[in-house]
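Enquirer: one predicted model, sequence on top.
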Amino acid sequence: MENLRLINYNIGDLTEDLQFLREFRDPYRYLRHCTPAWWCDHNLNPFAQPDDLALTLAVDGDTVIGRLAMWAAQVVIDGVEYRTFLLDYFVVHEDYRDTGVGGMLLMNSISRSRCLVAAGGVPHNVQELYQAAGFRELGPLSRYVYFYNSQVIFKTYLRSAPLASALSIFASLPLKIYYRLKAKKAKSALEFRPATSFNSAIDDLPRSGNYFPRSSAQLDWLLATRDNLYGFEVFRDGRLGGYCVFRIQRAEAQSEPRRLPEMRVGSLLDYYIDEATIEDKRALVNFGLAFLKPKKMDIFECQAKDEELNEVCARLGLVHVSGFRILFRPPPRATLSDNDLWYLTKAEGDILIE
């Protein structure tokens, strides 16, 4: 412990060659995300400033044994904008988890910004650490899944891949019939137009409640720096009324207790539609299902804190499973109530870091 220390790196301290990486041993591969693309992301982030903390390493001697990164963002509470930071890839090696290093990393981040967001599949013990540090839960989000490929279902519960493949042959047709019976054409005038860059009019769309804003500049940054994102502007009767972003990724297999197989996942990552009706949200989900199907996805998923979207997904036959948790440490000047209305999507968890 006497050789244990924290090392901070601001955005302005980082160079494209990432020379600092060569100072440390990284046996646990905690620095694998620190690439030239990661450096570029920080510098192009429209919310970022040079003196923002980008990364903190916990180092024992010359060995990296933990890390916590931060990404600049914004949050709107009661109509007031605040700077906030999304916490990314908070990890401490298991041999050091009883030393207090995790708490040191978290308090170090709080010393740089009191307004922080932690989101994703947060383990229970880490949730307790966040809550002890003043974070409040805004989620969890509800996650709904559509199965393009029934093999995924059987591979989750069976250890035999050949058996799962054989059973899926018989299950495919009933699954298609089930979804067809559930399908219902939405009575919506929405039009979804592909976007390689977003109209700045998105910034002026009226919004209520509390939310993490997505400016046209931020959306353009994401589309420009990630190959796996697809953006669409949403029009109603020829007027721009919102946007949506889909993502394609290959999810690695997970062992116990979840036992999920490797699969190709298409996600409705983020969306906003002005004055959206439940029919509009049905049109959004139907569009996503149709758009992603030709891309050979195994599943489609969406996560949000939106009762109407949840109802739409349930009616379409999507399966409800546990979703991301959103933990938020509010700025000192803001007051939060348990009755506050929050607009949340999966993007709060990972649009900046995947």
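Expert: Received the coordinates, thanks. Residues are numbered from 1 along each chain as shown.
Enquirer: just give the number of residues close to Gly120.
Expert: For Gly120, the tally of surrounding residues (other C-beta atoms under 10 Å) stands at 20. For the C-beta atoms, the positions are set from N, CA and C on the backbone; glycine is no exception.
Enquirer: paired strands for the helix or strand harbouring Ala119, with orientation please.
Expert: Ala119 belongs to strand 116-120 when assigned by DSSP states H and E. Strand 116-120 has its sheet partners listed here by DSSP bridges as strand 80-92 (parallel), strand 325-329 (antiparallel).
Enquirer: ok, residues contacting the first one?
Expert: The contact list for strand 80-92, computed with C-beta atoms under 8 Å, 6 or more residues apart in numbering, reads 30, 33, 47, 52-53, 58, 65-76, 101-102, 105-106, 109, 112-113, 115-119, 126, 212-213, 331, 333-334, 348, 352-353.
Enquirer: same question for stretch 26-36.
Expert: Stretch 26-36 is contacted from outside by 16-18, 21, 24, 55, 57, 63-67, 69, 89, 91, 93, using C-beta under 8 Å, 6+ apart.
Enquirer: thinking again about what came up before, the strand holding Ala119: what's the following helix or strand?
Expert: Per DSSP H and E, strand 116-120 leads on to helix 124-132 as the next helix or strand towards the C-terminus.
Enquirer: can I get that following helix as PDB, trimmed to CA atoms?
Expert: Extracted C-alpha coordinates of helix 124-132, given in PDB (Å, rounded to 0.1, in the frame of the first residue of the first chain):
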ATOM      1  CA  HIS A 124     -24.500  -4.200  -6.200                       C
ATOM      2  CA  ASN A 125     -21.400  -3.500  -4.200                       C
ATOM      3  CA  VAL A 126     -20.500  -0.600  -6.500                       C
ATOM      4  CA  GLN A 127     -24.000   0.800  -6.200                       C
ATOM      5  CA  GLU A 128     -23.600   0.900  -2.500                       C
ATOM      6  CA  LEU A 129     -20.300   2.800  -2.900                       C
ATOM      7  CA  TYR A 130     -22.000   5.300  -5.200                       C
ATOM      8  CA  GLN A 131     -24.900   5.800  -2.800                       C
ATOM      9  CA  ALA A 132     -22.600   6.400   0.100                       C
END
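Enquirer: for it, name the packing helices and strands.
Expert: Counting contacts by 3 or more C-beta pairs under 8 Å, 6 or more residues apart in numbering; DSSP states H and E, helix 124-132 is packed against helix 101-112, strand 325-329.
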